[in-house]
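Peer 1: here's a sequence, model it:
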Amino acid sequence: MGDDQYIAYDDEERPARDLTGRIGLGVSIVAFLVALLVLWQVFRPLARGSQFYLIIFLAGTLPLIFLAYRARPRSTARPTLPDWLLAGAALIACLYPVNPFRGGYDGFLDRQSLLEPVDVLFGAVLLVLVIEACRRTTGLALPIVCLAFLAYGYYGGLLPQDWPIAHAGLDFAQIVDALYNSGSGFYGTPLDVAATYIVLFTIYGAVLDLSGASRFFVDLSVAAFRKSRSAAGRTAVAAGFLLGTVSGSGTATAVSVGAVTWPMLRRAGYPAEQAGGMLAAAGVGAILSPPTLGAAAFIVAEYLDVSYLTVLGWATVPTLLYYLGILLAVEIDVRRFGVRALSVGDLRASRLLLRFGYHFSSLILIVVLLALDVSAQRAVVYATLAAFLLSFLDRRAWLTPRRIFEALSAGVRGVLPVVAVCAAAGIITAVTTKTGLGAQLASLLVSGARAITANPAAVLALTVVLAAVALAILGLAVPVTASFIIGWVIIGPALLGLGVPAPAAAMFVFYYSVLSEVTPPTALAAVGASAITGGRTVPTMWQALKYALPAFLAPIAFVLTDAGSYLLGRGSFVDILWATAVAMLAVAGLAIATGGWVFGFGAAGTPARVLGGAAGLLLLYLSPVAITLGLVALAGAVLLTALPKITSTEAGTL
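Peer 2: Predicted coordinates:
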């Protein structure tokens, strides 16, 4: 199969036009030039500063969105006249701040907070274009949220002043100034991350894909488990993890792996909904797994002013817990559904590793360079160069000049939806900063918990539960990156105010933002997987939720106790080790509850499942009393399942 069957670059998008001919070539050339600018910026940053670079970057990418994405799902496959007009308007509005007239770029910056009418006009045009670009790439939900924030910024001064969320009010020129002529707004941290980190990783993913890595990762997964009764399920999970290192995209990984492994899963005896849920959960693991986490992880690093390697370290233990939960569920399903062993061909993992194992080299290189204190941008560029050179070890995957052009342009086209989301997210962050809304909503969240109880531990627990629900609901409407940004500016301050360490708070928001991909009723990864398996969509979503359950509960463990930080790798080796071991037992308890099976003893009854679920919840609290009670509950679940089997065996021998 061709590599293009395995890869797509982002969950946060609607299908793009398949542009061909002169228009397709023109779009590819512009995207290629943007890629060269991005690479140039890594080693020779533009002298005028970061905001100047972001202006040029947005001018190169925003017009492409109007050509590459339809105004309506069923509109023409080729750009229409309005599309061309919008693309031209986007180019002019983006480049207006750097025009050579009226003082040029420096003159524009000098007019900050004192914008002239023509400045406001161009800023307003760009505001409309950003919202429309976001609508085309992600749908209506995020634009509606942006409009709601704009309305709050403009009309908030009319609210009764004794309301906690009331503010002095902003006029339209002040709003445009915050969006268009400042280091926040359109050119804030979200777009900065998209233009300096995410685009480089999408280029790297495109190069790695064209070098044959995608095909190798899937083949290796098939070969590694070919003799096991669990081979089909393990293959899907392993392929999801490995392929996720290339794509960093949950839905794309689920669909790509499903296209290859669903025939195998069907022959093995998996029901369509079970298989779809497994594929969705394995795909979403791609956004949670080092070394190429989802786009929001780069924003975590930027907001907390830490290295990307540090964020990878925080994600390591949760990733192990996540995939442990999926694998336990796979093994239980093998026993529950009587899955059959399959013959999957003559591929040998050892032979594949000897011949194509070099594909791991560039992934390892990223981590090594980050450990040597090389910047994330340079590390991924060097890894991209390594993937390019290694492609010449396989005649089928040589990266000729034409294929390099394709990879660089595909990388930039792949980041277009993220650019739209990040520019739109700047609207939310700018209004929140200007009005102080984030602090006010955080205060309301904590006050709601304190209205129920005065106990500090209970207040934290209630706040965490409310925050988890709020993030889950938010994730139903908006893409992962926007969900994290909104969640951080609103929920982050609430958690920080209750004494939760910043890394734990940030990763809590990050995980719940990502998990919207498997949260009914919108679960995009599950929708994509059900389309592959032909299973019913809603039951597939619930199965995906079952497989991903540890990922929903582990983030709560980060923030409820001080020991929760050990699960983020923050502590001594011994502390990290015991916390991880306890959390693994918690995942085993949750597997008993959701799967209804105890390994070695068979199907678990309702009481045993209830005890298993209670054990999982208690063990994740990571306090001595809770751990003790959790171990007792887990032992009870095992005994309740084992005793009938032991009794029947003894009776049979009498």
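
Peer 1: tell me which residues of the helix or strand hosting Val330 are tucked away?
Peer 2: Taking DSSP states H and E as the criterion, Val330 maps to helix 308-336. Buried residues in helix 308-336, counted by 16 or more other C-beta atoms under 10 Å: 308-334. Every residue, glycine included, has its C-beta placed from N, CA and C.

Peer 1: same question for the helix or strand following that helix, mean pLDDT?
Peer 2: Once the chain leaves helix 308-336, the next helix or strand it forms, by DSSP H and E, is helix 349-356. Helix 349-356 shows a mean pLDDT of 82.

Peer 1: so what secondary structure elements neighbour the very next helix or strand once past helix 349-356?
Peer 2: Once helix 349-356 ends, the next helix or strand along the chain (criterion: DSSP H and E) is helix 359-371. If you count contacts as 3 or more C-beta pairs under 8 Å, 6 or more residues apart in numbering; DSSP states H and E, helix 359-371 packs onto helix 199-210, helix 213-224, helix 308-336, helix 376-390.

Peer 1: okay, the angle between the second one and helix 359-371?
Peer 2: For helix 213-224 and helix 359-371, the angle between their directions (axes from the mean of the first three to the mean of the last three C-alpha atoms, to 10 degrees) works out to 110 degrees.

Peer 1: now do helix 213-224 and helix 199-210, the angle between them.
Peer 2: Here helix 213-224 runs at an angle of 60 degrees relative to helix 199-210 (the same axes, to 10 degrees).

Peer 1: then helix 213-224 to PDB, C-alphas only?
Peer 2: C-alpha atoms of helix 213-224 as PDB (Å, rounded to 0.1, in the frame of the first residue of the first chain):
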ATOM      1  CA  ALA A 213       8.400   5.200   7.700                       C
ATOM      2  CA  SER A 214       4.600   4.800   7.800                       C
ATOM      3  CA  ARG A 215       4.700   1.600   5.800                       C
ATOM      4  CA  PHE A 216       7.500   0.200   8.000                       C
ATOM      5  CA  PHE A 217       5.700   1.000  11.300                       C
ATOM      6  CA  VAL A 218       2.500  -0.800  10.200                       C
ATOM      7  CA  ASP A 219       4.400  -3.800   8.800                       C
ATOM      8  CA  LEU A 220       6.500  -4.100  12.000                       C
ATOM      9  CA  SER A 221       3.400  -4.100  14.100                       C
ATOM     10  CA  VAL A 222       1.900  -6.900  12.000                       C
ATOM     11  CA  ALA A 223       5.100  -8.900  12.200                       C
ATOM     12  CA  ALA A 224       5.700  -8.500  15.900                       C
END
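
Peer 1: elements contacting that helix?
Peer 2: Using 3+ C-beta pairs under 8 Å, 6+ apart, the elements in contact with helix 213-224 are helix 231-247, helix 250-268, helix 349-356, helix 359-371.

Peer 1: do that again at 10 Å, thanks
Peer 2: If you count contacts as 3 or more C-beta pairs under 10 Å, 6 or more residues apart in numbering; DSSP states H and E, helix 213-224 packs onto helix 199-210, helix 231-247, helix 250-268, helix 349-356, helix 359-371.

Peer 1: next one: the first one to chain centre, how far?
Peer 2: The one in question is helix 199-210. Centroid separation for helix 199-210 versus its chain: 17 Å, with C-alpha atoms, centre = their mean, to the nearest Å.

Peer 1: average pLDDT across stretch 532-542?
Peer 2: Averaged over stretch 532-542, pLDDT sits at 81.

Peer 1: please disregard the earlier target; I meant stretch 223-233.
Peer 2: Here stretch 223-233 scores 71 as its mean pLDDT.

Peer 1: what is the end-to-end distance of it?
Peer 2: End-to-end span of stretch 223-233 (C-alpha to C-alpha, to the nearest Å): 13 Å.

Peer 1: sorry, back to before: dump the helices and strands packed on helix 359-371 to JSON lines, plus distance to Leu474.
Peer 2: What follows is the helices and strands packed on helix 359-371, written out as JSON lines (distance: least, C-beta to C-beta, whole Å):
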{"stretch": "helix 199-210", "distance to Leu474": "24"}
{"stretch": "helix 213-224", "distance to Leu474": "32"}
{"stretch": "helix 308-336", "distance to Leu474": "20"}
{"stretch": "helix 376-390", "distance to Leu474": "27"}
